[in-house]
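A.B. asks: Everything below, folded, please.
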Amino acid sequence: MLVSSIGAVQVPGGTLDPTTIEKYRVPLVIPPAMPRTAVRYDHGQEVDYYEIAVRQFSQQILPPGMPATTVWGYGSLNHPGTFNYPAFTIEADHRRPVRVKWINGLVGANGRYLPHLLAVDQTLHWANPPGPRDEHGMEQAPYTGPVPMVVHVHGAETTQESDGYAEAWYLPAASDIPSGISERGTFYDTFKASSPLGNLWSRGSAVFQYPNDMFATTLWYHDHTLGMTRLNVYAGPAGFYLLRGGPGDAVGGRLPAPAPSESDPAGTRYYEIPIAIQDRSFNADGSLFYPRDRAFFEELAPDQLDIPFAPDPALGGPSDVAPIWNPEFFGNTMVVNGKAWPYLDVERRRYRLRLLNGCNARFLVLMMSVPLPFVQIGAEGGFLPRPVARDHVILGPAERADVIVDFTAFPVGTRIRLLNFGPDDPFPGGEPGEDFEVADPGTSGQVMEFRVVARIGMDRSTPAMSLELPSLPKLGDPSTVRKLSLNEAMSATVRVSTDASGSGFLDPAGEPFGPVMATLGTLNPDGSAMRLGWADPITETPRKGATEVWEFHNFTVDAHPIHIHQVQFQVMARKNMLTGQIRSSEPWERGFKDTVIAYPGEATRVKVRFDLAGLFVWHCHIVEHEDNEMMRPLRVLGSN
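C.D. replies: Numbering: from 1, shown residues only. The predicted structure follows:
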């Protein structure tokens with residue numbers, strides 16, 4: 001392993017040493033607003049219409065003078081200059097629908113499909129276009145065919161055909177799709193037939209609509225393909241979706257503004273800024289690094305991992321250990337809005353920062369390098385009941401925090417760094433430096449830099465702690481309590497021991513190898529975990545209009561960010577599974593959320609109301625877990 005300049009053990013990665021990347025050399029990119037294609041009319045109502053494709057291109061993520069990086073990103077089909085990683089922001093208004101034609105544009109200039117940038121494990125339960133579709137494959141070599149995609153607007157309340165169901169993917173409309181390959185996922189045609197916009201769907205695309213009847217909030221959009229989300233999102237396709245207006249946005253002009261909007265003149269100064277934080281690793285040629293074999297997770301050379309790799313014996317293979325999939329991945333370079341370790345000039349005034357943890361597996365514990373609090377005013381589902389001052393912000397993958405930071409008191413020329421005190425490993429909960437080792441302070445422990453400059457004009461925003469935030473609706477009494485389990489599975493076929501050098505070897509008397517997957521499930525009558533996979537019968541079947549309590553019992557040693565599609569829920573409390581001791585939800589969790597951290601050894605309780613019938617999912621948002629069985633279908637039944 002490489003060793004950082006300050007002596008901390010560095011996170012392993014590609015062939016580019018992250019300590020050679022110059023920090024704070026390039027300015028933060030503030031994502032512009034995604035331009036609309038047109039305004040359509042549907043039954044007398046205006047609908048904002050977008051045609052958004054995902055494409056492959058080269059982008060300067062590393063500082064100038066270092067190689068560019070090939071990535072994927074979304075952009076407006078009608079505005080070629082908008083393709084970027086991360087994508088431009090979709091700006092939406094309350095109760096004004098947004099309709100998007102999502103296009104899989106992963107084809108080259110010659111019209112032929114582009115293979116994946118990363119190694120795709122075909123032995124998982126995945127999209128599997130070669131077949132059997134949406135099933136485990138048998139081939140151990142990486143998949144090199146056309147890439148399936150389907151977009152999920154994370155946190156949006158919309159119908160099943162527009163939710164980005166993991167088996168509703170589709171391939172690009174390439175000229176060379178191999179014969180015998182499936183071009184669409186199992187549910188693509190089902191949803192096309194049931195969608196009122198199904199006549200607009202075409203090869204290589206789907207048309208989704210978002211009613212935007214939620215409270216104003218911070219959403220984001222990303223790929224959600226079965227068994228490939230970790231790879232597709234790591235390659236770049238993600239962007240913010242900001243919903244404004246309505247009764248849930250009553251604070252209006254009292255917040256720092258403006259944010260980017262369409263047709264802003266050059267030089268517009270922004271005081272509301274979305275910030276997507278992601279960890280990545282790179283190779284010396286600038287390419288993205290992501291593990292190509294399981295040996296990476298074990299920190300071994302590939303030939304040291306002397307175990308059989310193949311699908312589960314039930315499928316005719318020798319073991320249940322996937323050859324490529326890694327249980328988690330932690331990059332050694334922090335990338336913010338598509339730039340490695342950028343800086344942002346901030347005036348001596350208040351800023352509204354919409355923070356997103358866009359990492360695959362990394363939990364972030366964010367803190368400023370000087371005494372400067374975050375005043376959190378919102379989470380995933382909109383505003384909190386009241387502002388909460390915090391010296392640090394904990395974000396699991398996919399969680400968001402809407403915060404105000406006040407730079408007024410700092411002299412011009414002050415440099416303030418946003419630091420990360422989360423671990424370079426799975427997050428166990430607890431206190432940094434006491435319950436877990438913090439991130440490498442020379443690399444993954446730094447995120448970005450703020451540089452204080454003189455204020456221009458007046459700051460007319462209200463001091464954050466004086467804000468009166470909109471009142472929250474009541475969800476009512478629950479009709480059902482569902483007891484659900486979070487689990488980790490070790491191998492049932494492979495046992496290993498380690499020799500004096502730390503190398504693993506097959507040993508029938510050794511310990512089960514693993515983990516080989518993570519799962520969700522229910523509880524048995526005795527309180528033990530009933531482990532269920534993606535293909536097992538659906539067990540979560542609430543009625544439309546029902547309010548339920550879901551209780552996530554975490555039987556693993558690590559925290560998991562649990563996301564339920566279609567809904568925004570309220571966090572109630574957490575109960576120690578051994579002692580029964582209950583602790584209330586945190587002050588910053590007391591609004592509405594769509595993702596919650598379920599800590600090890602605890603049962604995390606959320607209250608949720610289901611307003612739309614249809615087929616959805618719930619899953620862990622550590623996307624390596626999601627891609628290997630830690631996702632379950634959820635069917636909301638029609639009203640009685």
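A.B. asks: Residues touching stretch 39-47, excluding its own?
C.D. replies: When contacts are defined by CB atoms under 8 Å, 6 or more residues apart in numbering, stretch 39-47 is touched by residues Asp48, Tyr49, Arg96, Pro97, Val98, Arg99, Gln209. In short, each C-beta sits where N, CA and C put it, glycine included.
A.B. asks: top of the residues you listed by neighbour count?
C.D. replies: Counting neighbours by other CB atoms under 10 Å, the top entry in the contacts of stretch 39-47 is Val98, with 24 neighbours.
A.B. asks: The nearest residue to Arg292 once chain neighbours are set aside: how many residues sit nearby?
C.D. replies: On the basis of CB to CB, 6 or more residues apart in numbering, the spatially nearest residue to Arg292 that is not a chain neighbour turns out to be Ala119, at 4.1 Å. Using other CB under 10 Å, Ala119 is surrounded by 18 other residues.
A.B. asks: Tell me who's in contact with Ala119.
C.D. replies: Neighbouring residues of Ala119 by CB under 8 Å, 6+ apart: Pro142, Leu231, Tyr290, Pro291, Arg292, Asp293, Ile324.
A.B. asks: nearest to His621, of the residues you listed?
C.D. replies: Leu231 (15.1 Å; CB to CB).
A.B. asks: so who does the closest one touch?
C.D. replies: With CB under 8 Å, 6+ apart, Leu231 has these contacts: His116, Leu118, Ala119, Val120, Tyr290, Asp627.
A.B. asks: As JSON lines, those with secondary structure and distance to Ala529 would be great.
C.D. replies: Converted to JSON lines, the contacts of Leu231 look like this (DSSP: H, G, I helix; E, B strand; the rest coil; distance: CB to CB, whole Å):
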{"residue": "His116", "secondary structure": "coil", "distance to Ala529": "34"}
{"residue": "Leu118", "secondary structure": "coil", "distance to Ala529": "32"}
{"residue": "Ala119", "secondary structure": "coil", "distance to Ala529": "31"}
{"residue": "Val120", "secondary structure": "coil", "distance to Ala529": "30"}
{"residue": "Tyr290", "secondary structure": "coil", "distance to Ala529": "30"}
{"residue": "Asp627", "secondary structure": "coil", "distance to Ala529": "20"}
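A.B. asks: can you tell me the helix or strand for Leu231?
C.D. replies: Using DSSP states H and E, Leu231 falls within helix 229-234.
A.B. asks: mind checking how far stretch 551-559 is from the chain centre?
C.D. replies: Centroid separation between stretch 551-559 and its chain, computed with CA atoms, centre = their mean, to the nearest Å, is 19 Å.
A.B. asks: Same question for stretch 609-627.
C.D. replies: Using CA atoms, centre = their mean, the offset of stretch 609-627 from its chain centre is 12 Å.
A.B. asks: ditto for stretch 39-56
C.D. replies: Mean C-alpha position of stretch 39-56 versus that of the full chain (CA atoms, centre = their mean) differs by 24 Å.
A.B. asks: Helix or strand next in line after the helix holding Leu231, which one?
C.D. replies: The element immediately downstream of helix 229-234 (helix or strand, assigned by DSSP H and E) is strand 238-244.
A.B. asks: For that following strand, give me every contacting residue.
C.D. replies: Strand 238-244 is contacted by residues 31, 34, 74, 85-94, 153, 156, 212, 214-223, 259, 274, 276, 354, 356, 358 when judged by CB under 8 Å, 6+ apart.
A.B. asks: Show me which of those residues are buried.
C.D. replies: In the contacts of strand 238-244, burial by neighbour count holds for 31, 34, 74, 85-94, 153, 156, 212, 214-223, 259, 274, 276, 354, 356, 358, counting by 16 or more other CB atoms under 10 Å.
A.B. asks: So which of those residues are in strands?
C.D. replies: Among those, the members falling in strands (DSSP state E) are 74, 87-93, 153, 217-223, 274, 276, 354, 356.
A.B. asks: Helices of the stretch 251-400 of the chain, start to end?
C.D. replies: Using DSSP state H, counting those that start in this stretch, the helices of the stretch 251-400 of the chain run over 295-298.
A.B. asks: the strands in it, which residues?
C.D. replies: 272-282, 288-289, 333-336, 339-340, 343-347, 350-357, 364-368, 374-379, 382-390, 393-395, 400-406 (DSSP state E, counting those that start in this stretch).
A.B. asks: Include mean pLDDT and distance to Pro311 when you put those into a markdown table, please.
C.D. replies: As requested, those are arranged in a markdown table below (pLDDT from 0 to 100; distance: least, CB to CB, whole Å):
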| stretch | mean pLDDT | distance to Pro311 |
| --- | --- | --- |
| strand 272-282 | 98 | 28 |
| strand 288-289 | 98 | 26 |
| strand 333-336 | 98 | 33 |
| strand 339-340 | 98 | 37 |
| strand 343-347 | 98 | 47 |
| strand 350-357 | 98 | 32 |
| strand 364-368 | 98 | 35 |
| strand 374-379 | 98 | 40 |
| strand 382-390 | 96 | 43 |
| strand 393-395 | 98 | 35 |
| strand 400-406 | 98 | 37 |
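A.B. asks: Columns distance to Ala250 on top of these, output as CSV?
C.D. replies: Shown next, in CSV, are the strands of the stretch 251-400 of the chain (distance: least, CB to CB, whole Å):
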stretch, distance to Ala250
strand 272-282, 16
strand 288-289, 42
strand 333-336, 30
strand 339-340, 35
strand 343-347, 26
strand 350-357, 15
strand 364-368, 28
strand 374-379, 12
strand 382-390, 9
strand 393-395, 24
strand 400-406, 15
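A.B. asks: Show the end-to-end separation of stretch 593-610, please.
C.D. replies: 14 Å (CA to CA, to the nearest Å).
A.B. asks: Likewise for stretch 327-334?
C.D. replies: Rule used - CA to CA; the end-to-end distance of stretch 327-334 is 20 Å.
A.B. asks: How about it, which residues are buried there?
C.D. replies: Neighbour-count burial for stretch 327-334, with 16+ other CB under 10 Å as criterion, is recorded at Pro327, Glu328, Phe329, Phe330, Gly331, Asn332, Thr333, Met334.
A.B. asks: Next up, the contacts around the third one.
C.D. replies: The reference is to Phe329. Contact analysis of Phe329 by CB under 8 Å, 6+ apart lists Arg230, Tyr234, Tyr290, Pro291, Asn360, Ala361, Glu624.
A.B. asks: Since that was my last question, I'll sign off now.
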